[in-house]
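S.K.: Show me the folded form of this:
(chains A and B)
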Protein chains: 2
Amino acid sequence: MSGERLIYLPLGGAGEIGMNAYVFGWGPPGQERLLVVDLGVTFGDMASTPGIDLILPDIAWLEERRDRIEGIVITHAHEDHVGALGLLWGRLRAPVHARPFTAAIARHKLDERGEIPAEALRIADPWPAQVEIGPFRVGFVPISHSIPESSGLVIDTPAGRIVHSADFKIDPDPVVGEPFDEDLWRSVGQGGVLALTCDSTNVFNAHEGRSESSLQGPIRDFVRACPGLVVATTFASNVGRLLTLARAAEEAGRSVCLLGRAMRRMVETATETGVLRGFPRSVSPEEAAEIPRENLFILATGSQGERRAATAQLAQNGFLGLSVQEGDTVLFSSSTIPGNERDVARLMNLFSERGVRVAGGEPNGRYHVSGHANRPDLERFHALLDPALVIPMHGEHRHLTEHARLAGEWGRRGVVVPNGALLEIGRDGTARIAEHVETGRTYLDGSGLIGALDGVVRDRLRMGMNGHLTVTLILDEDDRPLGEPWCEPLGLPARGRSGDLRETVEAEMEAFMNRAEARLLRDDERLEKELIRLARQVVQAEIGKKPEVTVVVSRLA
Amino acid sequence: MSGERLIYLPLGGAGEIGMNAYVFGWGPPGQERLLVVDLGVTFGDMASTPGIDLILPDIAWLEERRDRIEGIVITHAHEDHVGALGLLWGRLRAPVHARPFTAAIARHKLDERGEIPAEALRIADPWPAQVEIGPFRVGFVPISHSIPESSGLVIDTPAGRIVHSADFKIDPDPVVGEPFDEDLWRSVGQGGVLALTCDSTNVFNAHEGRSESSLQGPIRDFVRACPGLVVATTFASNVGRLLTLARAAEEAGRSVCLLGRAMRRMVETATETGVLRGFPRSVSPEEAAEIPRENLFILATGSQGERRAATAQLAQNGFLGLSVQEGDTVLFSSSTIPGNERDVARLMNLFSERGVRVAGGEPNGRYHVSGHANRPDLERFHALLDPALVIPMHGEHRHLTEHARLAGEWGRRGVVVPNGALLEIGRDGTARIAEHVETGRTYLDGSGLIGALDGVVRDRLRMGMNGHLTVTLILDEDDRPLGEPWCEPLGLPARGRSGDLRETVEAEMEAFMNRAEARLLRDDERLEKELIRLARQVVQAEIGKKPEVTVVVSRLA
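M.R.: The predicted structure is shown next:
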């Protein structure tokens, strides 16, 4: 077996929190059989990716090696782990393995975006069952996280055992889903772990993590003390939280109404697949509208301030016949994902302006706990498994380096493997980055996928920053200007230093055309360049900024 | 004096943290003599105000009443209090009152943006001195904040005393500048306070505030333990912090180099005006480049991830001959202002990728304290002054309501007065909103000011989200199409469902023109509308989104 090697290659997730896509391989160099773990998305923002609906890992490397992919494993049903499956599966076409709840959510994803034949989706049993995927034997080990049925992976390879933590926290009582089972994980570690690829999200948090169940008391007390209508918002996929909130409502004598498609789907799917039991019967929005507000509890999507979600609509003109008023309360049983701060604050202020009290939403608050292991929990997990090698993943670069440093503090080898670094792992726990693979991001823009470096977003950002000017002019058969140049500004102030901006630019354009040499007027390319240069220069002088310019020169043939 | 009234009108700052501009008035309704407190800016972002350099309060209401403005008072030299003075003073032309350091910084602002004659800027002495400004007697009462010489205001009016907290914290040892003097503030309250307009920034923080001086130990220990070069970044205006950092460097045997214009100016101005003493002699970047890195300490601007600031440049290609390398350390002695999270994380990751250790920057961290009073500090301040009325300011709507609620908990009357609400304050501490004034925001865009509702930014956002398509066509003397329509996409994918996007749109346009009725071809306005509709529809079908479209129809006369 000399001449074969074990490799690890993150295509996403080791440079951002999101867009997870990890590859393991075994075989002779360049002929490794491949296992893909997760295919997730991340979300764009107006500042860097305006108009982009979703961001996916660039899987060109995988696609070129499609015949070597033995399988795709999905660890849990969060968007950043399964959200790209529907859009990308058609380019990989390998069997997909997941546990039942995760598979059911994945199926919804697939039906929304892309297609995948039923037989390609294979339901996995939990550990100690293992499924053979090429040269790997993969086990799905239940682990606690903020969504039911999250699974760490045992990946037994010819070189030794790899443990992939997936997203996790150490929670003895996650309310819904399997608790963290210390004995189980210790047994996984027995016999030796070659490498642990491990969640780094909360490595900077020095406090021991809190259990999901610790929220039951505070949430119950909070809801009980509220007058008027209570609206609670959280991440729809946190089914344990939904149950805690709904039970608190029930105990306070309130009927529960679920608002938002994702919220309803999660409760339905979790119930159908048996991971959720005892969820109070919920009422429809029509029924809810008839219930006195002090007896009603709304569970709504939109904790991140998403403008079209149920919570945002409640803050404005109401939603499906339901609305808020002075004396009502909104509880953010959530944290704010970095980048969403302004949207969440905007939403809270909308409620505040209507006299609605807003609670929660603060970091490390009373009504939310994180689903990721904090620093002391990571130490505990490392110790349970005692791997020869710790490979941090699920983090930005700073999280990965800090996590590797943490491993080092305990005498373990930590190695930072950013997206695109192909790591060779030796049987003795040595490791070296053998190669750098070109990776990147793919954007879902409307209905199509575009490359992050195609220039489309760059042009949008420039127009967004600087506005746009269209300049058109016509040349006659003798290459002489026919009529005057015409300008159409968009996203530019109407007036500049000299007065009307459009008139000023048109006058300068006309003067330029009148003095232009015949040679220039015959040369489309040069003429266009000169006109762009001039337009930008004139606008700069007028308003202090240079717009994007489109020049169209028409010639009467 | 019956028939005269005391009014309060926030034009900015009571709906956002930033852009402070408050108006007080006394006199017969509609003839009040006016006092303006602060003229600040706030900052835009790509998500809502792309390309906008600064956001200022809309002062149309004030400008219309210019002859009634008796004076402008600046409480301290932060941008959100003084940043709009240069741009707006010319429209108000009232004397400006400030203490020396604040006036010196204001002078720099004025010289950069706008003009103001020397005699209009008047230096105020601190309390118990008071200056007569129309019907008001205004005293500048030293108060601790994160910039030297911050002043709360005593505004004695014919109806009673108003206290304006300005930005403040309760700090017995702010390192630089005047400590919070409890006896002084108690004496201000003696004789009765009619109304307190009060900073609301940290009303949601339940912990007692920490003193600036509490950072001296942790920062000293931190710097002492660092190998290699240490770069520290913080808010340039926090002169106390600069001194703490510079002293820690000095004690660790390091020379201090100031990078960034704002940083140098603050140290110079604070030294010149006498508020800063004992700042270590700093070395120039040229000198610094010759010093071994373990003996060097760089104090740099850019703690908010600003892309052109010194810290960002150090993270990339270096700055003025200085650069970072593996083993160096960067300390963020700062918090991240909401909305800047992604920029700061990006900057930290850049350092991380270079092997530079990053510390600080987290909320409530060890190397930064806030400059604003937390909830228990607000309670203490209310108690010291015991006002009949508490008017929260310097906050978003949710901060104002929470602050008013806090006042209510202690039996005081709290009233929420958002931007544009004109409050009448009675001698007995009663108050009512008598009127709503049209307020808003003014944008500095390049070299000119534009209204927030002018549509310029709306058009930019649309282009940024959806891209832009230019369509041009020529009609001959008989209103018949001459040649084919021409399309120029910008910020749009090159290909759609049917192939090349431009070709597809042009073909559809041509087909439309060929079948268009003569009546339509004669009607510029309708033709343009139809072409825009068609172009958007075709692009939507091709790529799933509707671009902004500019149509130029040229006619051969």
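
S.K.: A:Glu212 contacts A:Asp173, doesn't it?
M.R.: Yes. In this structure, A:Glu212 is within contact of A:Asp173 by Cβ atoms under 8 Å, at 6.8 Å. For every residue, glycine as well, the C-beta is placed using N, CA and C.

S.K.: which of these two has more neighbours?
M.R.: Counting neighbours by other Cβ atoms under 10 Å in any protein chain shown for A:Glu212 and for A:Asp173 shows that A:Glu212 has the greater number, 28 against 13.

S.K.: Distance check, the more buried one against A:Ile7.
M.R.: 36 Å (Cβ to Cβ, to the nearest Å).

S.K.: Near chain B, which residues of the stretch 201-350 of chain A are found?
M.R.: A:Phe204, A:Pro338, A:Gly339, A:Glu341, A:Arg342, A:Ala345, A:Met348, A:Asn349 (Cβ under 8 Å from any Cβ of the partner chain).

S.K.: can you list the residues you listed in a markdown table and add pLDDT and secondary structure?
M.R.: Below are these laid out as a markdown table (pLDDT from 0 to 100; DSSP: H, G, I helix; E, B strand; the rest coil):
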| residue | pLDDT | secondary structure |
| --- | --- | --- |
| A:Phe204 | 94 | coil |
| A:Pro338 | 89 | coil |
| A:Gly339 | 88 | coil |
| A:Glu341 | 92 | helix |
| A:Arg342 | 92 | helix |
| A:Ala345 | 96 | helix |
| A:Met348 | 98 | helix |
| A:Asn349 | 98 | helix |
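
S.K.: Buried ones from those, can you make that a PyMOL selection?
M.R.: The PyMOL selection below is limited to those of these classed as buried (16 or more other Cβ atoms under 10 Å in any protein chain shown):
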select buried, chain A and resi 339+341+342+345+348+349
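
S.K.: and the residues of the stretch 201-350 of chain A next to chain B as a markdown table, adding distance to B:Thr470?
M.R.: Putting these into a markdown table (distance: Cβ to Cβ, whole Å) gives the following:
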| residue | distance to B:Thr470 |
| --- | --- |
| A:Phe204 | 48 |
| A:Pro338 | 37 |
| A:Gly339 | 33 |
| A:Glu341 | 37 |
| A:Arg342 | 33 |
| A:Ala345 | 38 |
| A:Met348 | 41 |
| A:Asn349 | 39 |
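
S.K.: What residues of the one helix or strand A:Cys487 maps to count as buried?
M.R.: In the assignment (DSSP states H and E), A:Cys487 maps to strand A:481-490. For strand A:481-490, the neighbour count (16+ other Cβ under 10 Å) marks A:Pro481, A:Leu482, A:Pro485, A:Trp486, A:Cys487, A:Glu488, A:Pro489, A:Leu490 as buried.

S.K.: Listing partners with orientation, what would you give for the one helix or strand A:Phe297 maps to?
M.R.: Applying DSSP H and E as the criterion places A:Phe297 in strand A:296-300. Paired with strand A:296-300 in the same sheet, following DSSP bridges, are strand A:230-233 (parallel), strand A:255-259 (parallel).

S.K.: quick one: the helix or strand following the longest one to chain centroid distance?
M.R.: This means strand A:255-259. Later in the chain than strand A:255-259, the nearest helix or strand by DSSP H and E is helix A:261-272. Averaging C-alpha positions (Cα atoms, centre = their mean, to the nearest Å) puts helix A:261-272 20 Å from its chain's average.

S.K.: Same question for stretch A:527-547.
M.R.: In terms of Cα atoms, centre = their mean, the centre of stretch A:527-547 is found 39 Å from the chain centre.

S.K.: Okay, buried residues for that stretch please.
M.R.: In stretch A:527-547, counting by 16+ other Cβ under 10 Å, buried: A:527-528, A:531-532, A:534-536, A:538-540, A:542-547.

S.K.: and the closest residue to A:Gly51 other than its chain neighbours, what is it in contact with?
M.R.: Among residues not flanking A:Gly51 along the chain, B:Met465 sits closest, at 4.2 Å (Cβ to Cβ, 6 or more residues apart in numbering or on different chains). The neighbourhood of B:Met465, defined by Cβ atoms under 8 Å, 6 or more residues apart in numbering or on different chains, consists of A:Met46, A:Pro50, A:Gly51, A:Arg460.

S.K.: closest to B:Ile69 among these?
M.R.: A:Met46 (38.0 Å; Cβ to Cβ).

S.K.: Work out for me the element the closest residue in space to that closest one that isn't next to it in sequence sits within.
M.R.: Nearest in space to A:Met46, with sequence neighbours left out and distances taken as Cβ to Cβ, 6+ apart, is B:Ala47 at 3.6 Å. For B:Ala47, there is no enclosing helix or strand under DSSP H and E.

S.K.: For B:Ala47, grab the count of nearby residues.
M.R.: Residues within reach of B:Ala47, counting by other Cβ under 10 Å, total 17.

S.K.: Can you give me the domain assignment for chain A?
M.R.: A:5-207+A:370-451, A:212-360, A:467-555 (automatic domain parsing).

S.K.: can you put these in TSV and add distance to B:Ala195?
M.R.: Putting these into TSV (distance: least, Cβ to Cβ, whole Å) gives the following:
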stretch	distance to B:Ala195
domain A:5-207+A:370-451	40
domain A:212-360	22
domain A:467-555	40
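
S.K.: Indicate which one of those domains is closest to B:Glu409.
M.R.: domain A:212-360 (13.7 Å).

S.K.: Quote the end-to-end distance of that closest one.
M.R.: Taking Cα to Cα, to the nearest Å, domain A:212-360 runs 15 Å from one end to the other.

S.K.: now do stretch A:401-416
M.R.: End-to-end distance of stretch A:401-416: 6 Å, with Cα to Cα as the criterion.

S.K.: what's the spacing between the nearest residue to A:Gly139 once chain neighbours are set aside and A:Ser144?
M.R.: Once flanking residues are discounted, A:Gly139 sits nearest to A:Val154: 3.9 Å by Cβ to Cβ, 6+ apart. In this structure, A:Val154 and A:Ser144 are 17 Å apart, going by Cβ to Cβ.

S.K.: Neighbour count: these two, which is higher?
M.R.: Between A:Val154 and A:Ser144, counted using other Cβ under 10 Å, the more crowded position is A:Ser144 (28 against 21).

S.K.: Run a quick neighbour tally on the residue lying closest to the more buried one once chain neighbours are set aside.
M.R.: Nearest non-adjacent residue to A:Ser144, counting by Cβ to Cβ, 6+ apart: A:Asp171, 3.8 Å away. Residues lying near A:Asp171 (other Cβ under 10 Å) number 26.

S.K.: Is A:Asp171 located within a helix, as I assumed?
M.R.: No. Assignment of A:Asp171 by DSSP: H, G, I helix; E, B strand; the rest coil gives coil, placing it outside any helix.

S.K.: Was I right to think it contacts A:Glu212?
M.R.: Yes. At 5.7 Å, A:Asp171 counts as touching A:Glu212 under the criterion of Cβ under 8 Å.
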